[in-house]
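Next comes the sequence, and after it the predicted model I'd like to discuss.
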Amino acid sequence: MTTVTRTALVMHSAKQMYDLVNDCESYPQFLPWCSGATLIESSATHMVGRLEIAKAGLKHSFTTRNTLQEPNRIELKLVDGPFKKLEGEWRFDALSDEACKVSLTMEFEFSSKVLSMALGGVFNQAANTLVDAFCQRANEVYGR
């Protein structure tokens, strides 16, 4: 199993960062490995979304159910996809009205060795660069 932990201090509010991460339908606009995103279900406390991963001719999708605690936390759990396990948590800890600490912890394991060999590098790189990608997106959307 692979565990990824990343943090960043940003000059954007916890609510702004929460909103960016929770807007899964915009992911294909700024995540190079994400070729599609579908919001399946949404409420004030949860959302279910499907992401398509595409790189080097490989294409797979996975669905997560995210538990929402606006504006501080998003917990994600696998519904279906090429994983044996996929769980994670985004945290947005306010440092002031205009700054926060963004933290991501993610654990994943592919359902087979073949999938791990085919997608492991792509997904590991994607997971390791997610926080940076969202920080860059925040600067584009909110200015900086």
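That came in fine, so what should we check first? Every value quoted in this text rests on a predicted model; they were computed, and no experiment measured them.

switch to C-alpha atoms for all contacts and neighbour counts from now on
Noted.

residue ranges with poor pLDDT in this structure?
For the chain, no stretch has pLDDT under 70.

quick one: the strands in it?
All strands of the chain, identified by DSSP state E, fall at 2-10, 34-42, 46-55, 58-69, 73-80, 83-96, 99-110.

just how off-centre is stretch 27-46 within its chain?
9 Å (C-alpha atoms, centre = their mean, to the nearest Å).

count of neighbours near residue 11?
By other C-alpha atoms under 10 Å, 20 other residues sit near residue 11.

quick one, what contacts it?
98-100, 144 (C-alpha atoms under 8 Å, 6 or more residues apart in numbering).

Next up, phi/psi of it, please.
Note on residue 11: its backbone torsions stand at phi -90, psi 50 [degrees, to the nearest 10].

quick one: it from residue 39, how far?
28 Å (C-alpha to C-alpha, to the nearest Å).

Kindly report the same for residue 78.
When distance is defined by C-alpha to C-alpha, residue 78 is 15 Å away from residue 39.

And these two? Which one has more around it.
More crowded of residue 78 and residue 39, by other C-alpha under 10 Å: residue 78, with 19 against 14.

So what's the gap between the biggest helix by length in the chain and the chain middle?
The residue-count maximum for a helix in the chain (DSSP state H) belongs to helix 113-142. The chain centroid and the centroid of helix 113-142 are separated by 8 Å, computed with C-alpha atoms, centre = their mean.

Pull out the buried positions in that helix.
Residues 116, 119-120, 122-123, 126-128, 131, 134-135, 137-138 are the ones in helix 113-142 that count as buried (16 or more other C-alpha atoms under 10 Å).

Give me the angle between that helix and strand 2-10.
10 degrees (axes from the mean of the first three to the mean of the last three C-alpha atoms, to 10 degrees).

Who are the packing partners of helix 113-142?
Helices and strands touching helix 113-142, as assessed by 3 or more C-alpha pairs under 8 Å, 6 or more residues apart in numbering; DSSP states H and E, comprise strand 2-10, helix 14-22, strand 99-110.
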